[in-house]
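>>> got a predicted model here, sequence first, then my questions.
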Amino acid sequence: MILLRNAKIFDGENLGKTCEDLLLKDGVVARRGTDLSAEGAEVFDLGGKTACPGFIDLHVHFRDPGYEWRENTESGAWAAAEGGFTTVVTMPNTDPAVDDPVTVEYLVARGKRAGASRVLPAGCVSKGRQGKHLAELALMAESGAVFFTDDGAPVSDAKLLKTALLYSRDLDVRIMEHPEEPSLSAKSQVNEGAVSAASGMKGCPASAEVIDIQRGIILSRETDSPIHFTHVSTELGMNAIRQAKKEGLAVTCDVTPHHLSLDETYILVSRFSSAYKVNPPLRTRKDVKALWDAVADGTADAIVTDHAPYHMDDKDVPFQEALSGIASLECAVAVVLDTWAKTGRPVPLERLLELFTSGPAALLSRPWRSLGSLKEGSPADVTVLDLEAIKRVDVNRWKSKARVCPWDGEMLQGWPVMALVEGRVVMNRLKDSE
Amino acid sequence: MEWRHKNLITLEGWTRDELAFFLDQTEYMEELLNRPIKKVPALRGKIVMNCFFENSTRTRASFEIAGKVLSADVINWSSSGSSASKGETLRDTVRTLEAMAADAVVVRHEEVGVPDYLAKKLTKASIFNAGDGTNGHPTQALLDLYTARQKLGNLEGAKMAIIGDVLHSRVARSDMQAFRKMGVHVTLSGPATLMPENTASLGVGYVSDAREAAEGADILYFLRMQRERQEDGLIPSIDEYHRRWGATESLVSLAAPRAVVMHPGPMNRGMEIASSVADGPRSLILDQVRSGVAVRMALLYLCLGGVR
Ligand SMILES: [Zn+2]
């Protein structure tokens, strides 16, 4: 039994104006109210900090199986807890790829054994992510897969994507599409525009993203099946999704902390630091603004890290040789809160918190949807934020195995200071933040 | 002037005054080259490592001669095959160069950002970019600038047309930086498929029609055309390219009366430049090669502290 005292409570929709208490018992939220007491409960005084439903990250790479020197389920699950995420969805682009129920079960078991944040695997759309044959979607769903995606790449064949949408329609598991048209993005290193012009490196145009989003929208409409676009990075992409939502289609999307906070100019200013190399690439300032507009008006449904851990050998190399990806689980929430504060709080805090909690929860399969709420009876997953805390990002203290991060050494304001999964404390920095 | 640059990775951070000062230094160096005994002790005891991960006989020889004339010990570091371009080996190379106490490292690499990477890793040695992928070739820009100034005098307000495959040209990128800094108006021309997406962000103009770009220009700069661009599907045929953007006498005749013709070499004669133009009275192509040594002497001399 745990009693959290004196917190402003965000229940997934509304943020309380006054401080209240939460009693967690048997893995669920037992009571919410003022001046609660419970015999034998461990008591934490949150001193006015913000208690939210546990943060959910729908898109992380844990490199397990196959590349465990970069990250494994255990280091990843602890990194997630450290970063304030109580649930993460792992991408299936591993080796072997997560394309059968046995591998899904393996990851669920590994996640449980880690004892940190909840690990929910995504399975592939196609066998071996080859884009040729449908993977065993229904069996993977039964084993606990919560998304189907060929992430790392789009579903390469339109017919296959259509088949997958039809086949998964009644499985209660969404297709997550990594939106990219490969013929337009091939060999690209940066955004197409000022940085590709200045450096001569091959640019990835916005069309590469929006064409694939349009393909997905058309197929979603035709099959009457939901589709989710991950790490949307361009204004054009967001406009397409906004339009589809207006039409009433079950089209959803997410954005990443790095695309919300960094633009392509960082690549030139850093003189080609590989920490800024990511796919999709960092875009223009105008695109960054458009992503915040999408956060504000509900076009974006979730914020995901796309945590992409790499070994030094993969990243501490010249820009063109470096692999694409930003490792950020442990500072992502702070990056978003800091950017939000520094840009003059462009959206209400509630809206931002939704994108970490009830927004992503609504996209998970039915048993997990209650993770986005702190109502009585909901799972006792809680993330506590200290919006005032200012702390330096220090990759050397990370639980993640990754060590290259664009924010390393930066002072950021607004940090998660406590995380609980089903009433278990998996991260507690309350003392540091006093 | 107190010289404040230790490295030359890009000309971006150089001021116009620094460029002018550098070009004046280059003139002294060229005088040295005209002496019967071409050797001065300015950099005696300094070690210059030539690290060419990508072949370029011309640039390498030019740096080698420049170092030797100034009495530096020049070592040509050879990397074994293509594996040396991989980052891991590059990290080892860095450690080796540091251990061998190199004072300067000249690096040519097929990838963008390698000189930047070395400059972040090597704490003591000066780093000189001898060409990194499609990004930059600053010593080429300096020698182009020097050659044009020799011929035309003050370049302020001059018009330059850079014609050809700008998209894949490190020379074009560095030249745009350098010439613009000296007050030259630059216009690009070439097939739109061989132009960067966003020429406005580079501070230059673009016209598709080469004749329009050449009209009244003081400097006509033709870029090397790679045959593989046709295989990439970026141009329909070499012949069509030659007819629309090749350096022909009729194209050159549209330029200003004093106009000069430049090319970074090596040339595809007949393809991007007609022999009559390459060898004609306006051509500065051989002057460019000669200037290269003097420019690299000035660079080594200034950045390795020979100025004191
Ligand atoms: Zn992806």
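Received it, and whenever you're ready, just let me know what you need.
>>> residues of the stretch 251-400 of chain A that sit close to chain B?
Along the stretch 251-400 of chain A, the residues adjacent to chain B under the rule CB under 8 Å from any CB of the partner chain are A:271-272, A:313, A:316-322. Using the backbone N, CA and C atoms, a C-beta is placed for each residue, glycine as well.
>>> got a PyMOL select line for the buried ones in these?
Buried residues within these, by 16 or more other CB atoms under 10 Å in any protein chain shown, are selected in PyMOL with:
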select buried, chain A and resi 271+272+316+317+318+319+320+321+322
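>>> and the residues of the stretch 251-400 of chain A next to chain B as CSV, adding pLDDT and secondary structure?
Conversion of those to CSV gives the following (pLDDT from 0 to 100; DSSP: H, G, I helix; E, B strand; the rest coil):
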residue, pLDDT, secondary structure
A:R271, 95, coil
A:F272, 97, coil
A:D313, 86, helix
A:D316, 89, coil
A:V317, 90, coil
A:P318, 92, coil
A:F319, 95, helix
A:Q320, 94, helix
A:E321, 91, helix
A:A322, 94, coil
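>>> any stretches of chain A with poor pLDDT?
Applying pLDDT under 70 to chain A flags the ranges A:433-434.
>>> quick check: closest non-adjacent residue to the most centrally placed residue in it.
Nearest to the mean C-alpha position of chain A, counting by CA atoms, centre = their mean, stands A:V304 at 2.0 Å. Of all residues not flanking A:V304 in the chain, A:H59 sits nearest, at 3.7 Å (CB to CB, 6 or more residues apart in numbering or on different chains).
>>> show me what contacts that neighbour?
Contact analysis of A:H59 by CB atoms under 8 Å, 6 or more residues apart in numbering or on different chains lists A:89, A:91, A:151, A:176, A:230-231, A:254, A:256, A:304-307.
>>> SS state for it?
Recorded secondary structure, A:H59: strand (DSSP: H, G, I helix; E, B strand; the rest coil).
>>> if I look at it, how far off is B:V48?
A:H59 sits 49 Å away from B:V48, going by CB to CB, to the nearest Å.
>>> ditto for A:S196
33 Å.
>>> what does B:V114 give?
Counting by CB to CB, the gap from B:V114 to B:V48 is 18 Å.
>>> who has more neighbours, the two?
When neighbours are counted by other CB atoms under 10 Å in any protein chain shown, B:V114 and B:V48 differ, and B:V114 comes out ahead with 31 against 27.
>>> neighbours of the residue in the stretch 51-200 of chain A that the ion sits nearest to, just the number please.
Of all residues in the stretch 51-200 of chain A, A:H178 sits closest to the ion, at 3.7 Å by CB to the ion. By other CB under 10 Å, the residues close to A:H178 number 22.
>>> one more: A:K8?
19.
>>> now do the phi/psi pair for it.
phi -80, psi 120 (degrees, to the nearest 10).
>>> surely it and A:K49 touch.
Yes: the criterion here is CB atoms under 8 Å, and A:K8 meets it with A:K49 at 7.3 Å.
>>> quick one on the thing from earlier: check contacts around the residue nearest to the centre of chain A.
A:57-60, A:230-231, A:254-256, A:360 are the contacts of A:V304 under CB under 8 Å, 6+ apart.
>>> widest-spaced pair of the residues you listed?
Spanning the widest gap among the contacts of A:V304 are A:V60 and A:V255, at 14.9 Å by CB to CB.
>>> give the contact list for the residue of the stretch 151-300 of chain A found nearest chain B.
At 2.7 Å from chain B, A:G200 is the closest residue in the stretch 151-300 of chain A, using CB to the nearest CB. Residues counted as contacts of A:G200 (CB under 8 Å, 6+ apart) are B:112, B:133-135, B:167-170, B:173, B:196.
>>> can you rerun that using 7 Å?
Each residue near A:G200 by CB atoms under 7 Å, 6 or more residues apart in numbering or on different chains is listed here: B:112, B:133-135, B:168, B:170, B:173.
>>> what does the stretch 151-300 of chain B put close to chain A?
Proximity of the stretch 151-300 of chain B to chain A (CB under 7 Å from any CB of the partner chain) is limited to residues B:168, B:170, B:173, B:196-199, B:201-202.
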